[in-house]
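Sharing a model that was predicted from the sequence below.
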Amino acid sequence: MKSRKAIQGFLLGVVLIAGVFVAAKPASGHSGDLIDSVFAAVPPTIDGAMAPGEWADAAVVNLTAISGNRLPAYLLVKNNETFLWLAYDATGDATASANDSASFALDTGHDGVATDGGEDQFVLSGIFPGGSAHLVRGNGTYVVEDAPFDPGLPRHAGLAGARGFGPSDRSATDHRLYEFQVPLVLIRAGPGDTLGLFGGSYPVPGVADYGTFAYSTWPAYVGGPIPIGSYGDLNLAVLPGPIGIALSPSTVSEQGASGETVWYNLTARNTGASVSDTFDVTLASSWSADLRTADGTAPLPDTDSDGVPDTGNLTSGSSATFVVRVTIPPNATGCDLAMVTATSSWNLSVSDTSALTTCLSPASFAPPHSDFGVDSNLNGRFDFLQVNVSLIVSVTGTYFVRGDLFDSNGSVPLGNAGANFSSPSGPRIAFLDFDGRTIFRSGLDGPYMVRLALYDSGFQAIDSDTYVTRPYNATDFEPPPAVFRPPHYDRGIDTDQPPDGRYDVLSLNVSLFVSRAGTYEVDSLVTDSSGGFVTYGSGTFSVPTGNQMVNFLYPGDRFATASADGPYTIFLSLYESFVLIDTDVHVTGPYRRTDFDPPPIAFAPPHSDRGLDTDVPPDGLYNWLVLSANVTIAEAGDYAIGATLYDPGGFVFISTASTTRTLGVGPATVDLRFPGQDIRRAGFSGNYLVSLFAYPLSVNGTGDNDFYVTGSYLYTQFQPPPALLSPPHTDRGVDTSNPADGAYDWLEISVGITVSRAGRFTLEGTLVGTGVIAVAASTANLSIGSTRLPLQFDGHLIRLTQRDASFEVDLRLYDADGILIDMGVTYTNFYRASDFQPLDGSTPDSSASVAGGYWKNGPVRVTFAADDPSPSDGLASVQLFYRYSANNATWSAWTPFETRPAPGPGLRTMSGDFLFDLPSGEGYYQLYSSATDRSGQSEPAPATADVRLAAFVPAKIDLTPATASIEAGNPTVFEAHVMNAAGAAVVLESPVVVTLVSDSRGGEFRAPATSTVITTLTIPAGASKAPFEYRDTVAGTTTITAVSPKTAPDSSTLTVSPGPVSAIAISPGAGALTVGSTVTLTATAQDAYGNLVPDPTFTWSVEGPGTLSSATGASVTLTATGDGSIRVKATAGSPPSNGTVVWTASGASIGVSNLTLGLGGGAVLGLVAGIGVGALAMKRRRRRGPGPPPGEGPPDHAT
């Protein structure tokens, strides 16, 4: 299908054209603005071309002559008995843009009232499928009945329209042409009828050039759709005959106040082709009414003296105007129908009528009005021109008065003001304040003209008036507090890194002079050298007094895609508090479009679309409408691409789709998926309108917009929603107070749902009174079939409305993906506000506690108890707060830790616990709990914390001392300390048992100062250490280790030294020596546990026939000096210990020598051995005896 992109398409056109095409004043009502259609001699061909003379017989309106219209164009109208033909000859639109548009709207009942099904609008524009659309009034707005025009519909036969581009009778240069053909039966009209006509419509202006955004409307230039009561009149022509009369308007309605006289201007036209005629005028009305001359000053005369007022003689084609006055009685109600009949004097069977409906207006203007200047700041100048508007209210209600201020002749607009009021019946004054700054800026002196319009609560126009103020000078009013002070300055800026030589932005410095410091708004509109729209900017600035500068940065890519090169014209507007206080125009330097960076992303039609069935297996219904959008990327980066799906007329929203993509330079296709169930639920078939957008997320530049019309689909081709709301729904009040107190805590809506595909669904509801009262939601997994989901709305909020009512509940049903699948409305039974629970007026209370002592060694179980004093509607939650200190002196802010919701509704008390896991790590904590009730009241923080604790986690055991030297047999005291990971002592929350281990066979652990042997050590709660003794009897290096299941172990290394000398051994031991021989003796010392004592100081002594080589030292030499026993003693230590050895000396050495000499070695050895053995045997026998032999004392220490 075709992509609609011209000048950013329909929505941007609406933003820019309807930026003013939304809120301008309505035109005057069905009076004074009149087009008399011409009966067509030759029906035109509806082909978008105007052949020479084809429209020469039409009535012509020069739209360019209407003040404000910007597009030179002509409106052409003619009709016959069957069709109305209307054309726009847009001589000023010399370019053919896809979205160039023309339209008109009809008040088909000519009653000034918007009636559903009774009003029609016709549009030719590229924004609609097929380029045309017929809209009708429905549900308070306009909806598309057929797009494109469908002549096959009932009463539509012959409906046609065409756009073209070519010459016409009014311009030989090619330009835009628009032709409409409307069956009179479609608009319920015939020749001679009067219709309300607006050259414009709800979607687009009357005739619009989307290349320049210039447009024109009729009966006046307006900024948007106008109330039906403000349409002009279109008199349909009748077939000319020899005798004929057309009275117009054929129908008209007006309102007025009781006692007021309403004037109607009627025109009688001689439509006869051959004769002059005088037409008698008669009037029938149940209210007082009369016929007057055109100026209203005299009764309508009887010129032919037949006793009936008449028009006077009218030549063929000429007309006469007269007035009908209808006076509303003082006690009138409802409406009066006055019938005016004009009858030919030539042929009494030829006549025409006009039906005048006069109704008692609910309110109307009641001049005289008044005005005066208001000096709010007492500086001698008027801040406002106040106009006091007098009204009379007949029906109690809400009304709105609008006033538009003009110069004295009503040609230059100076501002507008409005007043909204509610009033009972009777006189009323409405005050309109026109800003004095605008009047001062105009430089126009008064008096000023005020055009007044009165609207009812539905914003239907019900009266109008014109008032002229007393004289003023423009300088009587307050001057603007700030003005533009040119020159302004512009420059292009290349923000790319590295620069690429093209401008990313156009910078404009706007110069202001500020006389009063404040906040001001500057708006700007940029056009190119051909007048085409480029971009706009708006900013709010707070500025001090004096000369000031404000800056605008316009996206460079907007200039790169402009319709023409520069210089560019920038229209500036300055506002204070939404009031325009100055304007200016700045013309930039002569930039070229190629001076600027192109857009980083641009749509590149054609796009495409398809239905996608993702069910497995496929079920033949589309789950998605997939739009494949083509784009061109100038700079690689991240982009957002999205779209909005509308009905085929482009008015009803259906769905949205969007995605983000990382795209490289060059063309790319991005798929956007619209949920099929959204289309099925919307119920529209045809070609859907899609509004596309794209913008960069990571690169310089702005985005792009486009429009696209999909292929034709039936909405039944798409997957229906998996579930639908299934009325009837039910409701009830629920009292959850415990115990029940008779007041509803909840209003529960039980919502019926029919599920066609099982899944997870979310139901949301909004309870509505004068506004939103409460919202509720419910989520559940639902099986196929009928089921119900409850929604509970807070009864307290209903009580607060003080409203007794049947409440509206707006329902929305979502699937598991969060896609809206159905919506609906239900209304509850009647409830009184007093049926519901009042707000809980009492503040709840709670407390937190921790079992055990101050010191903690890990996560802490914090218990709480909460209570909501009566009257109570129940607790909602309890929250734990904490603050932390690393040093028990400087504390953090109070921080919420965790919230426990109430386990059920209506509970006055609740208890429970939190597992406080030391969120800030080890250190010092203070805790408190805070309870909140269902009314939202929360317990304040207490003056002191509920809980104080110190939390340090045991990580390791530390033995002290880490190294030590001990003496064998002597116990030494050690300490086992509990430490955290940082090496700080940990005070224990509960006892810790430490197992003690030594790698020495002689080591043992003892309780301090006792001989009790232990293998474990208990460090008690509240302590961080405990002592023990260690004793070892084996000299050497020893390791002792402390082990706990909760901590890392630790060890100490000990050096065990021998104890004091307890025993001395001499080697070799006892033996025999010959006199004169020697032996070396060595002494060693041991402690009491058998450990060698190193390097003791030995003292030697000898008794008997021997001498020692030394009295000290570990070794000495013993020399036998004679026969006998030699006792050698070694002494060491303190107290001293002794070791003794006895050697026997004899003189046998000579004999032995002789034997040796005589016998040889063998005899010697045998003899010596025999002597030795005998001596040893003798010595041993003697020692077993009862005592020593005579002459020997007992040894000190025998070895």
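Everything's here; your move.

Confirm residue 559 sits in a strand?
No - applying DSSP: H, G, I helix; E, B strand; the rest coil, one finds residue 559 to be helix, outside a strand.

if I look at it, how far off is residue 598?
10 Å (C-beta to C-beta, to the nearest Å). Using the backbone N, CA and C atoms, a C-beta is placed for each residue, glycine as well.

the more surrounded of the two?
With neighbours defined as other C-beta atoms under 10 Å, residue 559 and residue 598 compare such that residue 559 has more, 28 against 18.

Wait, the more buried one touches residue 589, no?
No - if you go by C-beta atoms under 8 Å, residue 559 and residue 589 don't touch, sitting 11.8 Å apart.

can you pull out the strands in the stretch 651-800 of the chain?
653-663, 666-675, 686-696, 704-713, 723-725, 730-734, 746-755, 759-768, 772-782, 785-794 (DSSP state E, counting those that start in this stretch).

Deepest in the core, which of those is it.
Most buried of those by mean neighbour count (mean count of other C-beta atoms under 10 Å) is strand 686-696; its value is a mean of 23.

who does it pair up with?
Partners of strand 686-696 in the sheet, by DSSP bridges, are strand 637-646 (antiparallel), strand 704-713 (antiparallel).

If I average pLDDT within each of those, which one is lowest?
Of all the strands paired with strand 686-696, mean pLDDT reaches its minimum on strand 704-713 (a mean of 89).

quick one on the thing from earlier: now for residue 559 and residue 589: what residues contact both?
residue 566 (C-beta atoms under 8 Å, 6 or more residues apart in numbering).

where's the closest residue to residue 776 other than its chain neighbours relative to residue 799, distance?
Of all residues not flanking residue 776 in the chain, residue 791 sits nearest, at 4.2 Å (C-beta to C-beta, 6 or more residues apart in numbering). Residue 791 is 18 Å from residue 799, where distance means C-beta to C-beta.

Quick one: the strands of the stretch 651-800 of the chain as CSV, columns for distance to residue 942 too.
Output for the strands of the stretch 651-800 of the chain, formatted as CSV (distance: least, C-beta to C-beta, whole Å):
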stretch, distance to residue 942
strand 653-663, 49
strand 666-675, 53
strand 686-696, 52
strand 704-713, 59
strand 723-725, 49
strand 730-734, 34
strand 746-755, 32
strand 759-768, 37
strand 772-782, 32
strand 785-794, 28
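
Which among the ones you listed is found nearest to residue 104?
Among these, the nearest to residue 104 by C-beta to C-beta is strand 686-696 (21.6 Å).

as a whole number, average confidence for that closest one?
91.

same deal with stretch 1120-1140?
93.

Going by neighbour count, list what's buried in it.
Within stretch 1120-1140, the residues scored as buried using 16 or more other C-beta atoms under 10 Å are 1120-1121, 1123-1133, 1137-1140.

what do you get for stretch 51-69?
In stretch 51-69, residues buried by neighbour count (16+ other C-beta under 10 Å) are 54-55, 58-61, 63, 66, 69.

what do you get for stretch 961-968?
Applying 16+ other C-beta under 10 Å to stretch 961-968 flags 964, 966-968 as buried.

what do you get for stretch 278-292?
278-281, 283, 285, 289, 291-292.

So which of these sit within strands?
278-281, 283, 289, 291-292 (DSSP state E).

Include distance to residue 624 and pLDDT when you put these into TSV, please.
Shown next, in TSV, are those (distance: C-beta to C-beta, whole Å; pLDDT from 0 to 100):
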residue	distance to residue 624	pLDDT
278	73	95
279	68	96
280	71	97
281	68	97
283	66	96
289	65	96
291	69	97
292	69	96
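
for residue 104, helix, strand, or coil?
strand.

That one contacts residue 122, correct?
Yes - using C-beta under 8 Å, residue 104 makes contact with residue 122 at a distance of 6.0 Å.

got any residues that touch both of the two?
With C-beta under 8 Å, 6+ apart as the test, residue 104 and residue 122 both reach 180, 201.

Comparing the two, which shows the higher neighbour count?
With neighbours defined as other C-beta under 10 Å, residue 104 and residue 122 compare such that residue 104 has more, 28 against 24.

got the contact list for that one?
Applying C-beta under 8 Å, 6+ apart, the residues contacting residue 104 are 86, 121-122, 180, 197-201, 206.

Could you pick out which of these are located in strands?
Those of those lying in strands (DSSP E): 86, 121-122, 180, 197-198.

Which of these lies at the shortest distance from residue 142?
residue 121 (5.9 Å).

and the closest one, how many neighbours does it have?
With other C-beta under 10 Å as criterion, residue 121 counts 23.

is it true that it touches residue 202?
Yes - judged on C-beta under 8 Å, residue 121 makes contact with residue 202 at a distance of 6.1 Å.

Does residue 1077 touch residue 1118 like I think?
No - using C-beta under 8 Å, residue 1077 is not in contact with residue 1118; the gap is 9.3 Å.

who's more crowded, the two?
Using other C-beta under 10 Å as the criterion, residue 1077 and residue 1118 rank with residue 1118 on top: 24 against 13.

neighbouring strands for the helix or strand hosting that one, and are they parallel or not?
In this structure, residue 1118 sits in strand 1115-1120 according to DSSP states H and E. Using DSSP bridges, the strands paired with strand 1115-1120 are strand 1078-1086 (antiparallel), strand 1106-1108 (antiparallel).

Where do the helices of this protein begin and end?
Under the criterion DSSP state H, the chain contains helices at 9-17, 436-442, 556-560, 676-682, 795-801, 1149-1159, 1161-1184.

So which of the buried residues of stretch 1120-1140 are in strands?
Going by DSSP E, the strands hold 1120, 1124-1132, 1137-1140 from those.

Poorly predicted segments of the protein, please.
1-32, 129, 649, 1148-1199 (pLDDT under 70).

can you give me the strands in the stretch 901-1050 of the chain?
909-916, 923-933, 947-951, 956-960, 963-967, 972-979, 992-998, 1003-1006, 1013-1014, 1016-1019, 1025-1032, 1036-1043, 1050-1057.

How far away from the center of its chain is the fifth one?
Okay, so that is strand 963-967. 73 Å (C-alpha atoms, centre = their mean, to the nearest Å).

strand partners of that strand, parallel vs antiparallel please.
Here, using DSSP bridges, strand 963-967 pairs with strand 1050-1057 (parallel).

can you pull the buried residues of the partner strand?
Quick answer for strand 1050-1057 (16+ other C-beta under 10 Å): 1050-1052, 1054, 1056.

contacts for it?
Counting by C-beta under 8 Å, 6+ apart, 956-968, 972, 974, 976, 1000, 1002, 1030, 1032, 1034-1042 sit against strand 1050-1057.

how about 7 Å then?
956-959, 961-968, 974, 1032, 1034-1042 (C-beta atoms under 7 Å, 6 or more residues apart in numbering).

what angle do it and strand 1036-1043 make?
160 degrees (axes from the mean of the first three to the mean of the last three C-alpha atoms, to 10 degrees).

Pull the residues that contact stretch 1036-1047.
So stretch 1036-1047 is contacted by 954-957, 959, 976, 978, 992-1000, 1003, 1030, 1032, 1049-1056 (C-beta under 7 Å, 6+ apart).

again, but for stretch 33-51
27, 54-55, 57-59, 61, 77-80, 85, 89, 160-164, 166, 168-169, 177, 179, 181, 197, 219, 232-240.

how far out from the middle of the chain is that stretch?
Worked out by C-alpha atoms, centre = their mean, stretch 33-51 lies 54 Å from the chain centre.

Between the two ends of it, how far is it?
One end of stretch 33-51 to the other measures 29 Å (C-alpha to C-alpha, to the nearest Å).

repeat for stretch 360-380
End-to-end distance (C-alpha to C-alpha), stretch 360-380: 45 Å.

Can you tell me what sits against that stretch?
By C-beta under 7 Å, 6+ apart, stretch 360-380 touches 255-258, 260, 328, 332-334, 381-395, 397, 399, 427, 452, 454, 456, 462-463, 465, 467, 469-470, 472, 476.
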